[in-house]
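K.L.:
3D model of this:
(one chain, ligands or ions: 2)
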Amino acid sequence: MNIGLTGGIATGKSTVSRMLTSRGAALIDADVIARQIMEPGHRVLAAVVDRFGQAVLLPDGTLNRKKLGEIVFSHPDERKALEQLTHPAIRTEMKKRMEELEAEKPHRLVVADIPLLYESGLESLYEAIMVVYVPRELQLARLMNRDELSREEAEARLKAQMDIEQKKERADILIDNSRGLEETERQIEQFWRDKGLS
Ligand SMILES: CC(C)(COP(=O)(O)OP(=O)(O)OC[C@H]1O[C@@H](n2cnc3c(N)ncnc32)[C@H](O)[C@@H]1O)[C@@H](O)C(=O)NCCC(=O)NCCS
Ligand SMILES: Nc1ncnc2c1ncn2[C@@H]1O[C@H](COP(=O)(O)OP(=O)(O)OP(=O)(O)O)[C@@H](O)[C@H]1O
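P.N.:
Ligands and ions are numbered 1, 2, ... in the order given. Predicted coordinates for the structure are as follows:
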């Protein structure tokens with residue numbers, strides 16, 4: 001079985017994916033793949049530098065993530081331009097890894113962690129979509145705290161994504177991560193049992 005795992009930025013996708021992998025699920029993480037295609041030498045990074053200029057590189061030739069983030073999270077058109085360069089490569093790699101993992105062990109749960117799953121219209125690639133939800137105010141607070149962002153910077157990142165309430169409504173499986181970790185763990189345990197996973 002496979003599921004797509006999504007939610008909003010900092011709602012707890014990594015936290016939940018750890019709970020699933022510790023039970024034996026295999027994980028494919030879109031953010032990790034997004035980082036791999038931005039490594040020096042990769043053609044996607046070269047295309048990004050062509051479009052955004054040398055200023056998005058650090059002196060050692062690696063991507064200046066903070067700088068590119070400032071550009072794309074405050075300018076929607078620039079964000080779309082970046083996505084046109086990155087998303088096809090991310091999608092191809094995700095699909096390839098999914099096929100490899102499913103062929104390797106057909107009965108294992110494969111989890112694809114994709115922050116922009118709904119925004120990119122990828123629902124049909126997965127048997128079910130799990131959404132990790134917290135109310136918007138808590139999402140903002142956890143994001144500011146984890147990434148040391150100002151309220152303004154955190155709000156700009158939230159604005160670049162579909163509202164978490166809309167994702168909640170679309171979910172096949174909803175995980176409420178607004179209380180303690182034990183409460184989230186309990187919901188994952190329930191999901192695991194309901195699906196007869198072992
Ligand atoms: C702009 C970049 C360099 C900023 O890097 P930074 O280290 O600050 O953030 P990081 O990559 O860890 O992403 C953190 C979160 O930001 C959100 N996010 C990232 N890109 C986008 C985007 N294009 N639109 C909306 N939200 C996004 C996601 O929730 C993600 O989990 C980076 O996010 C990037 O390369 N984005 C383009 C690729 C992409 O769309 N990734 C999203 C997963 S498919
Ligand atoms: N139930 C919880 N109670 C308190 N804090 C939590 C809980 N779940 C997650 N957190 C904290 O909230 C922050 C965001 O969680 P996490 O990194 O798992 O989110 P994410 O959705 O994977 O983020 P991103 O979209 O950036 O990849 C982290 O600092 C994490 O430690």
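
K.L.:
C-alpha from now on. contacts and neighbour counts both.
P.N.:
Noted.

K.L.:
how close does the most centrally placed residue in the chain get to ligand 1?
P.N.:
The centroid of the chain falls nearest to Pro115 when counting by Cα atoms, centre = their mean (2.7 Å). Relative to ligand 1, Pro115 is positioned 5 Å away (Cα to the nearest ligand atom, to the nearest Å).

K.L.:
now swap in Trp192 and tell me
P.N.:
Taking Cα to the nearest ligand atom, one finds Trp192 at 25 Å from ligand 1.

K.L.:
Doesn't that residue lie inside a strand?
P.N.:
No: counting by DSSP: H, G, I helix; E, B strand; the rest coil, Trp192 falls outside a strand, being helix.

K.L.:
can you pull the contacts of the nearest residue to it once chain neighbours are set aside?
P.N.:
Distances taken as Cα to Cα, 6 or more residues apart in numbering put Ser198 closest to Trp192, at 7.6 Å, once the chain neighbours are dropped. Applying Cα atoms under 8 Å, 6 or more residues apart in numbering to Ser198 gives the contacts Arg23, Gly24, Trp192.

K.L.:
Tell me the backbone dihedrals of the second one, please.
P.N.:
In this entry, Gly24 is assigned phi and psi values of phi 120, psi 0 (degrees, to the nearest 10).

K.L.:
Which residue comes closest to Ser74 once chain neighbours are left out?
P.N.:
In space, and not counting its chain neighbours, Ser74 is closest to Ala156: 6.4 Å by Cα to Cα, 6+ apart.

K.L.:
What helix or strand is the one you found located in?
P.N.:
helix 151-159 (DSSP states H and E).

K.L.:
quick one: buried residues of that helix?
P.N.:
Glu153, Ala154, Glu155, Ala156, Arg157, Leu158 (16 or more other Cα atoms under 10 Å).

K.L.:
Adding pLDDT and distance to Lys105, write the residues you listed out as JSON lines.
P.N.:
Supplementary listing: those in JSON lines, determined by pLDDT from 0 to 100; distance: Cα to Cα, whole Å:
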{"residue": "Glu153", "pLDDT": "94", "distance to Lys105": "42"}
{"residue": "Ala154", "pLDDT": "97", "distance to Lys105": "40"}
{"residue": "Glu155", "pLDDT": "97", "distance to Lys105": "41"}
{"residue": "Ala156", "pLDDT": "95", "distance to Lys105": "41"}
{"residue": "Arg157", "pLDDT": "95", "distance to Lys105": "37"}
{"residue": "Leu158", "pLDDT": "96", "distance to Lys105": "37"}
